[in-house]
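Participant: With the sequence up front, the predicted model follows.
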Amino acid sequence: MNVGRSRVAWVLALGAAALACSADGEATTIGTPGDTASSGASGAPSSPRNPGDGTPPALDTGGDPGTRGPAAAAADAPAPTTDSLSGFESPDFSSFDPGAPSGEPSRGCQQAARTFIPQIPTVFILVDRSGSMFDENPPGSGQNAWGALRQGVLQVISELQSDVRFGFGAFSGQGATCPDMPSAAAALDNQPAIAALYQSLERSQYKDTPTLGALRAVSEQLWSDPVEGSKYILFVTDGEPDYCDDGNALCPPDSVVGRLQRMAAGIDDDGVQNEPIQTLVFGIDSPLSTISPEVLAAFANAGAAEPVAPLVANPSSVFDQCNGVPGWAADFATTGKALQRGATIGDYAVVGGNATVYRPDPTDRAELVRQIRAALAGVKSCAFDLGGDGVQVDVSRPDLGALAHVRLDGAEVPFDSANGWRMLTGTTVQLEGAACERWRVPGETSIAFDFPCDVIVIR
């Protein structure tokens, strides 16, 4: 089944076991003797299913007299003349086996359409609106990073807005206004609202880059969002963060690392556990950039919950230079750590992780769009929820992997918790490892599920 960008349900072929099936596969019905619509007392014509004479209805298989089977034969036998079911022995289905071989046509399963629906991720695009984003880049070109980035971001949002809930905010600040951040809340099909806001924003009157305050505001907004699904921030900047005070350049990055690590762990300022928020980092690559590759790498690793290498060779330098900085001291107080030499807001390892830092050249729009697409491909959900119609997969079956099938572009996905598919719950299929990576490849839209009736149970 091919799935486009619109919110289309991935079809799952499931079976519902029929309680009673005719020889030709048609389900039968059992009437009620006292039904005035078919009783003989009403003068209406009688039928084999509702004889009209007060006798219990026969189970008519629709065949000729010689092949109608035991249920039809029971209809020809004398029966009590009563308006109740007293004296009527109900059919015995204890030996009914949909898969058993017989001389009759298969009774098996009636096929019913069910759906597995991909979980919808939320991405908040957070863009640095400080003065350097509006300076000519490269000098003398008449272009700037802001305009090129805006075109690329809006193009990709337009492509993905039916499958991803997008929000948007652009931040700057100075002095007491820290941050100033016009924003649009996340929603599906949100490109028109984001475009209207984004295109209205030009150079801010504020020159600073209060990344910490912007991340705090966005994380609070995402954690208060009741819509389920994974949540991400796509963070775009070309400059070092600050506390809106143009202070020591070493201290704000430590605050940002600590903030990103807590967000990735789902821990808010009150220590309450929430859903994790991962952060994708874009560092605008230009001669005007003031943010170092080491700081961008630290942000990317912190946002992906990977180890973060120290910001400087001597970790004690952070405490020595920052413990007297009001912004750093206030942020450090929220960590619960002891205030002593060597302490930092972020947590650091000897060797950092390998989270991707996206470094697009804003003068190359095609490459800019390609990198945004590549980053957002990773937010594509690998979890699929079964529609809420009262059934679930029997995850206790040892033969589940042999009976049920998941296919990507027609190719079988193995039943494998490391690099294939597994049942996360009775109603959620999860792609893992290599299978998830393949599904997240940009342009990959074909997935099919085949779960037979044997593995389906009532919730």
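Facilitator: Happy to help now that I have it. Just so you know, these numbers come straight off a predicted model, no measurement behind them. Numbering: from 1, shown residues only.
Participant: how about the closest residue to residue 134 other than its chain neighbours, what does it touch?
Facilitator: Excluding the flanking residues, the one nearest residue 134 by CB to CB, 6 or more residues apart in numbering is residue 203, at 4.2 Å. C-beta: built from backbone N, CA, C; applies to glycine. Residue 203 sits next to 131, 134, 146 when contact means CB atoms under 8 Å, 6 or more residues apart in numbering.
Participant: can you confirm residue 203 is in a strand?
Facilitator: No: going by DSSP: H, G, I helix; E, B strand; the rest coil, the assignment for residue 203 is coil, not a strand.
Participant: What segments of the stretch 301-450 of the chain are helices?
Facilitator: 316-322, 326-332, 365-377, 400-403, 433-439 (DSSP state H, counting those that start in this stretch).
Participant: Of all these, which one is nearest residue 260?
Facilitator: Across the helices of the stretch 301-450 of the chain, residue 260 has its closest neighbour in helix 326-332 (12.5 Å, CB to CB).
Participant: Just list what that closest one packs against, helices and strands only.
Facilitator: Helices and strands in packing contact with helix 326-332 are listed as helix 251-265, helix 316-322; criterion 3 or more CB pairs under 8 Å, 6 or more residues apart in numbering; DSSP states H and E.
Participant: Only the buried residues of that helix, if you could.
Facilitator: Using 16 or more other CB atoms under 10 Å as the test for burial, helix 326-332 gives 327, 328, 331, 332.
Participant: close enough to count as contact, residue 247 and residue 324?
Facilitator: No: in this structure, residue 247 is not within contact of residue 324 by CB atoms under 8 Å, at 10.0 Å.
Participant: which one of those two has more residues nearby?
Facilitator: Each of residue 247 and residue 324 has its neighbours counted (other CB atoms under 10 Å); residue 247 has more, 17 against 11.
Participant: show me the contacts for the more buried one.
Facilitator: Applying CB under 8 Å, 6+ apart, one finds that residue 247 lies in contact with 325, 327.
Participant: Shouldn't it be within a strand?
Facilitator: No: Residue 247: not assigned to a strand; according to three-state DSSP it is coil.
Participant: in the protein, which helix or strand is least confident?
Facilitator: The least trusted helix or strand in the chain, going by mean pLDDT, DSSP states H and E, turns out to be strand 10-17, with a mean of 36.
Participant: if we compare the helices of the stretch 301-450 of the chain, which one ends up closest to residue 158?
Facilitator: Ranking the helices of the stretch 301-450 of the chain by distance to residue 158, with CB to CB as the measure, places helix 365-377 first at 11.0 Å.
Participant: can you pull the alpha-carbon coordinates of that closest one into CSV?
Facilitator: Output of helix 365-377 as CSV, limited to C-alpha atoms (Å, rounded to 0.1, in the frame of the first residue of the first chain):
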residue,chain,number,x,y,z
ARG,A,365,19.1,26.8,-1.0
ALA,A,366,19.0,23.2,-2.4
GLU,A,367,21.5,22.0,0.2
LEU,A,368,19.7,23.9,2.9
VAL,A,369,16.5,22.2,2.0
ARG,A,370,18.2,18.8,1.8
GLN,A,371,19.6,19.1,5.2
ILE,A,372,16.3,20.2,6.8
ARG,A,373,14.6,17.2,5.1
ALA,A,374,17.4,14.9,6.4
ALA,A,375,17.0,16.2,9.9
LEU,A,376,13.2,15.8,9.9
ALA,A,377,13.3,12.3,8.4
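Participant: same for it, what does it pack against?
Facilitator: Judged by 3+ CB pairs under 8 Å, 6+ apart, the packing partners of helix 365-377 are helix 145-160, strand 231-237, strand 277-283, strand 357-358.
Participant: Need these in CSV (columns: mean pLDDT, distance to residue 188 and mean neighbour count).
Facilitator: Formatted as CSV, those follow (pLDDT from 0 to 100; distance: least, CB to CB, whole Å; neighbours: other CB atoms under 10 Å):
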stretch, mean pLDDT, distance to residue 188, mean neighbour count
helix 145-160, 92, 10, 20
strand 231-237, 96, 14, 25
strand 277-283, 95, 19, 24
strand 357-358, 94, 24, 20
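Participant: Low-confidence ranges, the stretch 101-250 of the chain, go.
Facilitator: Within the stretch 101-250 of the chain, the stretches with pLDDT under 70 are 101-115.
Participant: how about the helices in it?
Facilitator: With helices called from DSSP H, counting those that start in this stretch, the stretch 101-250 of the chain shows them at 145-160, 191-200, 211-223.
Participant: so how far is residue 414 from the residue nearest the centre of the chain?
Facilitator: By CA atoms, centre = their mean, the chain has its centre lying nearest to residue 119, at 3.2 Å. When CB to CB, to the nearest Å is applied, the distance between residue 119 and residue 414 equals 22 Å.
Participant: Same question for residue 423.
Facilitator: From residue 423 across to residue 414, the span is 14 Å (CB to CB).
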